[in-house]
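Colleague: no sequence on this one, just coordinates:
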């Protein structure tokens, strides 16, 4: 009887081992032609108001509003897997022209051999004391040296002067900004570190918007912005919208030619049953296959603490950008990189 039990035990062990090997073979035999997928959020930590740049080392660097103090920096090779590399500032080097202000909505650029980081600094509700400053670094991961303010709301005469965006066009170096009090533009010096002497302010869009970003494609300028409430948790109504113009300074219009100066636009990304508060998008970046991608933040109803980092593919149809379903993908094919 003992011998029979031993033989039975041996046979059971062999069967378990065969099943285990078979399972491993199945795991390894995934069809290589099937695209790999990712899931949103790509970073399940609070990284609001993202901005992104590709550096000479072939890494993408992403910066965000300081829910992580002193402006967090992450890097990635594939837009999906992100590594925290540090902060743009320290407690000793952080901007302080608004002493109790938070560092919000950065905008990263490469200008004349320097990484140039524009930032907003504000206390909540301080719409006349907030302002926009600039810092530089030789490296995308910093450390950044603060050059102080470009302007404050009460100095430039634009209420709620936050959310900067820099763009170069036809030899002009321009800064766009604004938050629910109009979107404005002004010309900067060639190094991007000061207002151009004599430059005049120009209003670009109406009072429904903040978090402006402008993307040029096929002779059109696309103004992306956010409407609604950013910061009310699962009750946030933030929505990403877009208009276009054949001129950098507008007028920007929707598909039926209504003006963004009058708060008309097209919806790019709105909430769904999982994610809400979908707004303040980054620059559009391309993968090696020429596909366009956009980052933004959202509140995850499954874990509503903070505003997590989202990634979606931007497609184009009849000269207009769209995201599939006009809402965040829960799962999507990964960006393609060699």
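Modeller: Received it, and whenever you're ready, just let me know what you need. Note that the structure is predicted; figures quoted are calculated from it, not measured.

Colleague: so for stretch 63-80, mean pLDDT?
Modeller: Taken as a whole, stretch 63-80 has a mean pLDDT of 98.

Colleague: now it: buried residues?
Modeller: The neighbour-count check on stretch 63-80 (16 or more other CB atoms under 10 Å) flags 63-68, 70-76, 79-80 as buried. Yep, even glycine has a C-beta here, placed from its N, CA and C like the rest.

Colleague: out of these, who's nearest residue 108?
Modeller: Closest approach between the buried residues of stretch 63-80 and residue 108, by CB to CB: residue 63, at 5.3 Å.

Colleague: what pairs with that closest one across the strands?
Modeller: residue 51, residue 73 (DSSP bridges).

Colleague: neighbouring strands - and their directions - for the one helix or strand residue 174 maps to?
Modeller: Secondary structure from DSSP states H and E places residue 174 in strand 172-177. According to DSSP bridges, strand 172-177 forms sheet pairs with strand 165-169 (antiparallel), strand 183-188 (antiparallel).

Colleague: what lies in contact with the first one?
Modeller: What that stands for is strand 165-169. The contact list for strand 165-169, computed with CB atoms under 8 Å, 6 or more residues apart in numbering, reads 107, 109, 111, 116, 118, 173-177, 188, 192, 212-214, 216, 248.

Colleague: identify the farthest-apart pair in the buried residues of stretch 63-80.
Modeller: Pairwise over the buried residues of stretch 63-80, using CB to CB, the maximum falls at 70 and 80, 25.1 Å.

Colleague: please enumerate the strands of the stretch 51-200 of the chain.
Modeller: Counting by DSSP state E, counting those that start in this stretch, the segments of the stretch 51-200 of the chain that form strands are 51-54, 60-63, 72-76, 83-87, 102-111, 114-122, 131-137, 145-152, 165-169, 172-177, 183-188.

Colleague: show the contacting residues for the residue nearest to residue 328 when sequence neighbours are not counted.
Modeller: Once flanking residues are discounted, residue 328 sits nearest to residue 275: 4.5 Å by CB to CB, 6 or more residues apart in numbering. Going by CB under 8 Å, 6+ apart, residue 275 touches 40, 298, 299, 300, 301, 310, 327, 328.

Colleague: let's see the pLDDT reported for residue 275.
Modeller: So residue 275 comes in at 98 (pLDDT).

Colleague: do the same with the one 4 residues further on
Modeller: According to the model's per-residue confidence, residue 279 sits at a pLDDT of 98.

Colleague: you'd agree it is up against residue 238?
Modeller: Yes - counting by CB atoms under 8 Å, residue 238 is a contact partner of residue 279 at 3.4 Å.

Colleague: shared neighbours of these two, which are they?
Modeller: 226, 227, 228, 230, 298.

Colleague: neighbour-wise, which one of the residues you listed leads?
Modeller: In terms of neighbours by other CB atoms under 10 Å, those top out with residue 226 at 29 neighbours.

Colleague: beyond the worst-scoring helix or strand of the chain on mean pLDDT, next helix or strand please.
Modeller: In the chain, the helix or strand scored least confidently by mean pLDDT, DSSP states H and E is helix 2-28, which has a mean of 40. Using DSSP H and E, the helix or strand that directly follows helix 2-28 along the chain is strand 37-39.

Colleague: ok, how many other residues are close to residue 317?
Modeller: 7.

Colleague: quick check: the gap between it and residue 281.
Modeller: The spacing between residue 317 and residue 281, counted by CB to CB, to the nearest Å, is 18 Å.

Colleague: sorry, back to before: look up which residues are beta-bridged to the residue nearest to residue 328.
Modeller: residue 300.

Colleague: ok, now the one 4 residues further on?
Modeller: On DSSP bridges, the residues paired with residue 279 through beta bridges are residue 297.

Colleague: and if you look at residue 151?
Modeller: residue 132.

Colleague: how many residues are close by it?
Modeller: By other CB under 10 Å, 19 other residues sit near residue 151.

Colleague: good, wrapping up.
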